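K.L.:
quick one, what's the 3D model for this:
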Amino acid sequence: MKKRVYGVLGVAALMANWNADFSGYPKRTAGNEIFGSDKAFKYPMKKVWEEQGYPVLYIKSMKLDGKKQELLPRTLKERYEYIFQVKDLKNEKTPEVLQKLFQAVDVKNFGATFAEADNNISITGAVQFGQGMNVYEDARIVEQPILSPFRTASKTEEEKKNSTIGTKICCEEAHYFYPFVINPLAYRGYEELGATTGYSEEDYTLFKQTALTAATAYSTNAKEGCENEFGLFVETDKTLYLPNLTEYIKFEKEEDKNKINLSECEKILRDVMDKIQKIEIYYNPATTKLEGIPEQSQLFHIVTGKEVV
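P.N.:
Residues are numbered from 1 along each chain as shown. Next comes the predicted model:
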């Protein structure tokens, strides 16, 4: 692929918890701003790829182990051997391991650190995400008490009579905007080694399709209510370097719709338009309106994929 891609991906969370910390509350910075980690965005993408039959290395999978038939998560070595049908990783040489790693769709996009069986491999991914900051100022956290249908295993007679109580925590409404960049030159050295043919147009197309649908597709109890709401893809010459575009996008709530203001972003792109090959914007016209759209942008419905005229 002979270009770079800069962009922004937006996720809406309505009565949902897009990315919780270990306390169960939505993640926050030291300044108390709600945000989602890059891992929170990548994980649903990996799940979609796995469901579609692509080899995915860095994802949890289980096995029945030993005579007791205990259910245990696989180690990284075991996961590698499982997806690539390898009897023992120790019998493979590093060049062969490197080639196989690039066959995993998550490694091809996001890179890998693989220190197993005398291999010490570090791959910087062609696709790099920043943190997804919540851009909705009035985001509020809601705690819901929930009742279990089962009694507690407590030893006290009184507590034995009662079922257990828990808490579900979610955001009433939040909007996370993630910056990302795709740099196919990241794999130039590995191409010279014959480990990969590089990051291709097909790789980029698959990434884009998955990135625009994975949040909506990934339905768990906490994430039901999360969906893809925005996507900006700016394809440029390899020599153009752009800043974090989320810093130049404003989100506002209006009475009937959300408004995404791209005016400041448009000013940045306008001055380098001679090095920009294509601009694509994905959104839902039923819930969102755009302002300050950059020139030559193609608009698409994020749900149907059809062009918005």
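K.L.:
quick one: buried residues of stretch 115-135?
P.N.:
Of the residues in stretch 115-135, 116-117, 119, 123, 125-135 count as buried by neighbour count, 16 or more other Cβ atoms under 10 Å. C-betas here are computed from N, CA, C, even on glycine.
K.L.:
among the residues you listed, which are in helices?
P.N.:
Nothing among these maps onto helices, per DSSP state H.
K.L.:
quick one: which two of these are the most distant?
P.N.:
Based on Cβ to Cβ, the longest span within these runs between Ala117 and Val135 and measures 44.2 Å.
K.L.:
against which helices or strands is the helix or strand that contains Ile146 packed?
P.N.:
In this assignment (DSSP states H and E), Ile146 forms part of strand 141-151. Where contact means 3 or more Cβ pairs under 8 Å, 6 or more residues apart in numbering; DSSP states H and E, strand 141-151 is packed against strand 163-182.
K.L.:
tilt between the strand it packs on and strand 141-151?
P.N.:
Orientation of strand 163-182 against strand 141-151 (axes from the mean of the first three to the mean of the last three Cα atoms, to 10 degrees) gives an angle of 130 degrees.
K.L.:
give me the mean pLDDT for strand 163-182.
P.N.:
Averaged across strand 163-182, pLDDT comes to 91.
K.L.:
partner strands of it, parallel or antiparallel?
P.N.:
strand 4-16 (antiparallel), strand 127-129 (antiparallel), strand 132-134 (antiparallel), strand 141-151 (antiparallel) (DSSP bridges).
K.L.:
how much space separates the residue most central in space within the chain from Ala174?
P.N.:
Centroid-nearest residue in the chain, with Cα atoms, centre = their mean: Phe41, separated by 2.1 Å. Look at Phe41 and Ala174: by Cβ to Cβ, to the nearest Å, they are 14 Å apart.
K.L.:
before we move on, what about Val107?
P.N.:
Remark: distance between Val107 and Ala174 (Cβ to Cβ) = 30 Å.
K.L.:
please apply the same query to Val303.
P.N.:
With distances taken as Cβ to Cβ, Val303 is found 20 Å from Ala174.
K.L.:
which residues in the stretch 51-200 of the chain form strands?
P.N.:
Using DSSP state E, counting those that start in this stretch, the strands found in the stretch 51-200 of the chain span residues 62-65, 70-73, 111-114, 121-124, 127-129, 132-134, 141-151, 163-182.
K.L.:
so where's the stretch 101-250 of the chain shaky on pLDDT?
P.N.:
Filtered on pLDDT under 70, the stretch 101-250 of the chain yields the residue ranges 152-164.
K.L.:
rewinding a little: same list (the strands paired with strand 163-182) but as CSV, adding distance to Tyr218.
P.N.:
What follows is the strands paired with strand 163-182, written out as CSV (distance: least, Cβ to Cβ, whole Å):
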stretch, distance to Tyr218
strand 4-16, 10
strand 127-129, 16
strand 132-134, 15
strand 141-151, 21
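K.L.:
for Gln277, which of the ones you listed is the nearest?
P.N.:
The nearest among those, by Cβ to Cβ, is strand 4-16 at 9.5 Å.
K.L.:
moving C-terminal of that closest one, what's the next helix or strand?
P.N.:
Next element after strand 4-16 (DSSP H and E): strand 35-36.
K.L.:
before we move on, back to that, between Val107 and Ala174, point out the one with more neighbours.
P.N.:
More neighbours surround Ala174 than the other of Val107 and Ala174, with 27 against 22 (other Cβ atoms under 10 Å).
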